[in-house]
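could you work out the structure for the sequence below:
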Amino acid sequence: MRHAAPALPPVTSGQLPVVAPRPGHQGCCSPTDALDARRVADRLGIPLYPLDLTGDFEKIIDDFAHEYGRGRTPNPCVRCNAWLKFGRLFEHAAAIGASHVATGHYARLDVDASGEPILRRGLEAALDQSYVLFGVSRDRLRQMLLPVGAMPKAEVRERAAALGLVTADKPDSQEICFVPPGDHARLVAARLGGSRAGAIVDSTGTVLGHHDGIEHFTVGQRKGLGIASGEPLYVVRIEPDTCRVVVGPRNDVPEQELVAGDVSWLGPVPREPFACDVQCRAQRAAAPALVTPLGPDRFHARFTGGPEHAPGAISPGQPAVIYDGDRLLGGGWIESTR
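Residues are numbered from 1 along each chain as shown. The predicted structure is shown next:
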């Protein structure tokens with residue numbers, strides 16, 4: 001996704017306006033974060049170049065809303081990284097003659113036996129952010145710097161404190177920055193011109209209840225279905241054409257196979273099936289799988305670890321990211337599941 005780069009704004013010595021943070025909000029792109037960036041730059045004595053990417057960011061929000069409208073569960077953080085942080089930001093870096101772009105993503109850069117750059121998980125697996133970087137194009141790796149991914153997170157904070165940075169004790173971002181916590185459905189409805197109500201049905205088509213809009217649901221969801229049942233029920237499938245939400249027992253939730261498209265490979269494109277680990281949600285562990293390439297930009301994954309190593313519910317619209325140990329090989333967007 002390429003767009004003409006706007007001119008860089010001039011560097012000014014004025015302070016950014018102070019905007020009160022939302023209580024409990026830990027997003028990554030709030031006005032408070034902009035103020036923190038100014039304070040850190042002032043403390044380090046380096047210039048700060050604010051870039052207005054409002055138009056580009058609107059595309060990310062529109063994509064988020066339309067994915068929910070298609071019955072899918074989007075991941076806007078991956079889009080933001082690929083389109084903005086490692087897309088538009090690189091274009092601006094080139095415009096001012098910068099050789100590299102450094103970010104605070106908790107992941108590591110390395111080289112393989114042939115000297116080619118590769119991407120690995122961060123040192124502390126529980127804090128790893130490599131999953132959201134699968135969409136970064138391979139040719140960007142040589143220009144990237146990920147300085148904190150090889151350090152324990154506690155050391156990162158200690159170093160920030162030693163430098164007197166106001167962000168030393170700042171909580172990690174955990175939410176979608178443009179959505180109020182727990183309120184994405186209202187944003188989606190506003191972007192799509194309203195919600196489309198429909199039926200909640202079981203696998204036989206029997207109506208169990210009704211809902212206010214498919215944007216309230218994701219595959220694997222159990223809570224908040226708004227129906228009474230003698231057994232736990234989960235969202236098994238979302239049908240955007242009919243606005244039906246299909247529910248069933250846990251065993252009916254897809255977690256065995258998937259097909260992913262719009263694939264990015266951070267190395268040579270594989271041609272034969274291979275064993276690996278595939279991660280299907282940012283907060284879940286990767287699961288053993290056999291991946292079969294379906295051309296250069298699609299793949300099929302069959303999970304092979306059994307119930308004890310299942311990937312959890314597989315939701316169309318989410319990334320499926322492929323690892324060999326801690327090395328990220330590539331990933332794509334889940335199109336279909338079984």
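
what's the pLDDT at D172?
Reported pLDDT at D172 in the predicted model: 82.

that one and K153: what is the separation?
Relative to K153, D172 is positioned 8 Å away (C-beta to C-beta, to the nearest Å). No exception for glycine: its C-beta is placed from N, CA and C like everyone else's.

which of those two has more neighbours?
When D172 and K153 are compared for neighbours, K153 comes out ahead with 16 against 11, by other C-beta atoms under 10 Å.

that one: what's it in contact with?
By C-beta atoms under 8 Å, 6 or more residues apart in numbering, the contact set of K153 is Y106, E124, L127.

and the residue lying closest to the last one once chain neighbours are set aside, how far is that from G331?
Just to be clear, that refers to L127. Distances taken as C-beta to C-beta, 6 or more residues apart in numbering place Y106 nearest to L127, at 5.1 Å, with adjacent residues excluded. From Y106 across to G331, the span is 17 Å (C-beta to C-beta).

neighbour-wise, which of the two wins?
Neighbour totals were compared for Y106 and G331, and G331 leads with 28 against 22 (other C-beta under 10 Å).

which residues of this structure score low on pLDDT?
For the chain, applying pLDDT under 70 flags the ranges 1-29, 174.

domain-wise, how is it divided?
Per the record, the chain has its domains at 31-162, 195-252, 257-337, by automatic domain parsing.

mind checking those for the one nearest to A168?
domain 31-162 (3.8 Å; C-beta to C-beta).

distance check, Y234 against G261.
In terms of C-beta to C-beta, Y234 sits 25 Å off from G261.

comparing those two, which shows the higher neighbour count?
A side-by-side neighbour count of Y234 and G261, using other C-beta under 10 Å, places Y234 first with 19 against 15.

downstream of the lengthiest helix in the chain, the next helix or strand is which one?
As assigned by DSSP state H, the longest helix anywhere in the chain is helix 54-69. Beyond helix 54-69 on the C-terminal side, the first helix or strand identified by DSSP states H and E is helix 76-80.

go through the helix or strand just after that next one and flag the buried ones.
Sequence order places helix 89-95 as the next helix or strand after helix 76-80, per DSSP H and E. Under the neighbour-count criterion of 16 or more other C-beta atoms under 10 Å, helix 89-95 has L89, F90, H92, A93 buried.

ok, the second one - contacts?
What it means is F90. V101, R140, Q143 are the contacts of F90 under C-beta under 8 Å, 6+ apart.

next one: V247
Going by C-beta under 8 Å, 6+ apart, the list of residues near V247 reads I200, V201, D202, L208, L225, I227, L233, Y234, V235, V236.

I'd like to know how far it sits from I334.
Look at V247 and I334: by C-beta to C-beta, they are 20 Å apart.

and for D172 and K153, which residues touch both?
Common neighbours of D172 and K153 (C-beta under 8 Å, 6+ apart) are L127.

picking up where we left off before, residues in contact with the longest helix of the chain: which ones?
Applying C-beta under 8 Å, 6+ apart, the contact partners of helix 54-69 are 1, 3, 73-74, 76, 79-80, 83-84, 88, 176, 178, 184-185, 187-188, 191-192, 214-215, 240, 317.

where exactly do the helices run in this protein?
Per DSSP H, the chain carries helices over the ranges 31-44, 54-69, 76-80, 89-95, 153-162, 184-192.

how about those, which one is nearest D252?
Per C-beta to C-beta, nearest to D252 of these: helix 54-69, 22.0 Å.

what angle sits between that closest one and helix 184-192?
With axes from the mean of the first three to the mean of the last three C-alpha atoms, to 10 degrees applied, the angle from helix 54-69 to helix 184-192 works out at 110 degrees.

report the contact partners of D110.
Contacts of D110 by C-beta under 8 Å, 6+ apart are P117, I118, L119, R120, R327.

show me what it is bridged to.
Here D110 shows beta-bridge partners I118, assigned using DSSP bridges.

chain neighbours aside, what residue packs nearest to V321?
Spatial nearest neighbour of V321, excluding adjacent residues (C-beta to C-beta, 6+ apart): G331 at 3.7 Å.

surely that neighbour and A301 touch.
No: G331 is beyond contact range of A301, at 10.5 Å (criterion: C-beta atoms under 8 Å).

need the residues touching each of these two.
By C-beta under 8 Å, 6+ apart, G331 and A301 have these common neighbours: A260, A320, I322.

doesn't G332 make contact with the first one?
Spelled out, it's A260. Yes: with contact defined as C-beta under 8 Å, A260 counts as touching G332 (3.4 Å).

which neighbours do those two have in common?
Among the neighbours of A260, those also in contact with G332 (C-beta under 8 Å, 6+ apart) are R298, F299, P319, A320.

what's the local residue count around the third one?
When you say that, I think you mean P319. P319, neighbours per other C-beta under 10 Å, totals 25.

what sits against it?
By C-beta under 8 Å, 6+ apart, P319 lies in contact with 75, 78, 131-132, 134-135, 260, 279-280, 331-334.
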